[in-house]
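*Asks:* Predicted model, plus sequence, below.
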Amino acid sequence: MDATRNPYSPGPGLAPPALAGREDDLRAFDTILGRAEHGLASSPLMLVGLRGVGKTVLLRAFRQRAEAAGWHALSLEGETGAGAEARVAARTARELDLLSLKFRRRRGRAGFARALASIETFSVNAGVTGAGLTVASRPKAPEAFDFELRLFEVVDCLADRLMRDRAGLAVFVDEFQDLPPVAAGALVGVQHAASQRGWPFYVIGAGLPNLPSVLARLRSYTERYAYRTIGRLDDAAASAAVVGPAERLGVEIADGAARLMVAEARGYPFFLQTFAYEAWLAGADDRIEPDDAEVAISRGYDALEGFFSARWDRATRAEREVLRAMAEQAPAPSPVTALAARLGKPVGSLGPPRRSLIDKGLVYVPERGRLDFTALGMADWITRQDPPTR
Ligand SMILES: Nc1ncnc2c1ncn2[C@@H]1O[C@H](COP(=O)(O)OP(=O)(O)OP(=O)(O)O)[C@@H](O)[C@H]1O
Ligand SMILES: [Mg+2]
């Protein structure tokens, strides 16, 4: 059928035509918004889950709901590598700068003057001069920039006005586990200080399953955060994700066809979108039959080949050895000691590839001394490779 009308959206961060099975999570976020209306605080909410389960699209749905409720929102994304800290500081400055432009345009600017000045100070100190800034200044060295103090000042200067408006300020952070420690510490530190003072400032995050331990190492009070595990969809939600969008466009998916795709995707949203996208292309005359679903699953796996092989290609030879040993050890998270034994190497020698695999986001530490893949199905894919690429 016509590709231009294909509603399905396989791909990182692409909004699905139906956000299925996340009603409880949306309700949890609405509760935060509702409590703020009554001047009541809530714990920060953090979404954790493996690659491709739908964290980013859910985080974005939260942001839309917050803005619809009259809140102000900033969006940040964790990143690693050289210069990450300065880039995240600059991104924060830019987001704040956009906020200050919004305040400047608004009628009834009263109460924002101090906030505007504090945002300007943040930007100048972070070495960024943006569209809303009035002072041109030489960028300071990043180490002179106190992220937490500057952010605290901004929130401090905004709090009264926000409370009068019954609005909140929320920072939405994707890939939170990769946020440089200085930025992550600043966000959770300011959130902590704000909640003690009753200020409506919230950090809402999404990340891989190691996020709780990353944050707990920074500040122990993050153990009390509301972590929500985002996982596979149950069959009813998976079916709704596949059937609903076609139906709304007058296309019927035969029961048998939907069942095949739902069974093959095992509740994994990224796979569901991939199969349903291909099924739409394979169908004809506004119908998708079981035969079309069979074709779609096969083409879907071809499409997913790129998803897995791109991850494999990013690994060095030494890292691939570890990945293969993990695949052999699957499905449980592999104890690093067992991996070393399997490879006939001392445990210590696994340190560098382990570190770089974590940095590349290919594996994570579900619990001390263990490793697991961040993408569902990666172990199966590695096992299927022929000949073995060790
Ligand atoms: N609730 C849902 N119902 C249907 N499809 C969904 C749902 N959530 C996500 N998807 C689809 O799954 C795919 C992955 O979503 P998303 O990029 O948000 O995952 P993620 O958890 O952020 O992955 P990553 O860890 O790789 O960033 C997208 O194609 C998206 O459209
Ligand atoms: Mg994501």
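*Replies:* Structure's in. What do you need? Ligands and ions are numbered 1, 2, ... in the order given.

*Asks:* what's the closest non-adjacent residue to the residue of the stretch 101-250 of the chain at minimum distance from ligand 1?
*Replies:* At 3.8 Å from ligand 1, Ala241 is the closest residue in the stretch 101-250 of the chain, using C-beta to the nearest ligand atom. All C-beta atoms are positioned from the backbone trio N, CA, C, and that covers glycine. If the residues on either side of it in the chain are set aside, Ala241 comes closest to Ala20, at 3.8 Å by C-beta to C-beta, 6 or more residues apart in numbering.

*Asks:* The one you found and ligand 1: what is the separation?
*Replies:* When distance is defined by C-beta to the nearest ligand atom, to the nearest Å, Ala20 is 4 Å away from ligand 1.

*Asks:* Pretty sure that residue sits in a helix.
*Replies:* No - Ala20 is assigned coil when assessed by DSSP: H, G, I helix; E, B strand; the rest coil, not a helix.

*Asks:* Local confidence estimate at it?
*Replies:* You'll see Ala20 listed with a pLDDT of 97.

*Asks:* Hmm, Ala237 and it touching each other?
*Replies:* Yes - Ala20 is within contact range of Ala237, at 4.3 Å (criterion: C-beta atoms under 8 Å).

*Asks:* rewinding a little: mind checking the SS state of the residue of the stretch 101-250 of the chain closest to ligand 1?
*Replies:* Per three-state DSSP, Ala241 ends up helix.

*Asks:* Quickly note the distance from it to Glu223.
*Replies:* Distance of Ala241 to Glu223, computed by C-beta to C-beta, to the nearest Å: 33 Å.

*Asks:* still on that earlier bit, show me the contacts for the residue nearest to Ala241.
*Replies:* Listed by C-beta atoms under 8 Å, 6 or more residues apart in numbering, the contact set of Ala20 reads Leu233, Ala237, Ala238, Ala240, Ala241, Gly244, Pro269.

*Asks:* next one: Ala15
*Replies:* Applying C-beta under 8 Å, 6+ apart to Ala15 gives the contacts Ser9, Val57, Arg60.

*Asks:* and ligand 1, which of those contact it?
*Replies:* The overlap between the contacts of Ala15 and the neighbours of ligand 1 (C-beta under 6 Å from any ligand atom) comes to Ser9, Val57.

*Asks:* If you rank the contacts of Ala15 by neighbours, which is first?
*Replies:* Most neighbours among the contacts of Ala15, by other C-beta atoms under 10 Å: Val57, with 19 neighbours.

*Asks:* does the closest residue to it other than its chain neighbours sit in a helix, a strand or a coil?
*Replies:* Ranked by C-beta to C-beta, 6+ apart and with sequence neighbours excluded, the top spatial neighbour of Val57 is Ala15, at 5.4 Å. Counting by three-state DSSP, the backbone at Ala15 sits in coil.

*Asks:* Any residues of the chain in contact with ligand 1? List them.
*Replies:* 9-14, 16, 19-22, 49, 51-57, 241, 269-270, 272-273.

*Asks:* What subset of those is buried?
*Replies:* The neighbour-count criterion (16 or more other C-beta atoms under 10 Å) marks 9-10, 16, 19-22, 49, 51-57, 241, 269-270, 272-273 among the residues of the chain next to ligand 1 as buried.

*Asks:* where does whichever residue of the stretch 1-150 of the chain sits closest to ligand 1 fall, phi/psi-wise?
*Replies:* Closest residue of the stretch 1-150 of the chain to ligand 1, C-beta to the nearest ligand atom: Gly54 (2.4 Å). Dihedral pair for Gly54: phi 110, psi 30, per degrees, to the nearest 10.

*Asks:* For it, which residues are in contact?
*Replies:* Counting by C-beta under 8 Å, 6+ apart, Gly54 touches Pro16, Leu19, Arg22, Ile230, Pro269, Phe270.

*Asks:* Gly250 touches Arg287, doesn't it?
*Replies:* No - using C-beta under 8 Å, Gly250 is not in contact with Arg287, being 10.4 Å away.

*Asks:* Looking at the two, which one has more neighbours?
*Replies:* Arg287 (14 against 7).

*Asks:* what is the more buried one paired to in the beta sheet?
*Replies:* Using DSSP bridges, the beta-bridge partners of Arg287 come out as Glu252, Ala284.

*Asks:* Can you give me the distance of it to Ala296?
*Replies:* Separation of Arg287 from Ala296 (C-beta to C-beta): 13 Å.

*Asks:* Which parts of the stretch 201-350 of the chain are helices?
*Replies:* With helices called from DSSP state H, counting those that start in this stretch, the stretch 201-350 of the chain shows them at 211-218, 235-248, 255-265, 269-282, 290-313, 317-329, 336-343.

*Asks:* Out of the ones you listed, which is the most enclosed?
*Replies:* helix 269-282 (a mean of 25; mean count of other C-beta atoms under 10 Å).

*Asks:* same for that one, what does it pack against?
*Replies:* On a contact count with 3 or more C-beta pairs under 8 Å, 6 or more residues apart in numbering; DSSP states H and E, helix 269-282 meets helix 235-248, helix 255-265, strand 287-288, helix 290-313.

*Asks:* cutoff 6 Å now
*Replies:* On a contact count with 3 or more C-beta pairs under 6 Å, 6 or more residues apart in numbering; DSSP states H and E, helix 269-282 meets helix 235-248, helix 255-265, helix 290-313.

*Asks:* would you list these in TSV and tack on mean pLDDT?
*Replies:* Formatted as TSV, these follow (pLDDT from 0 to 100):
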stretch	mean pLDDT
helix 235-248	97
helix 255-265	96
helix 290-313	94
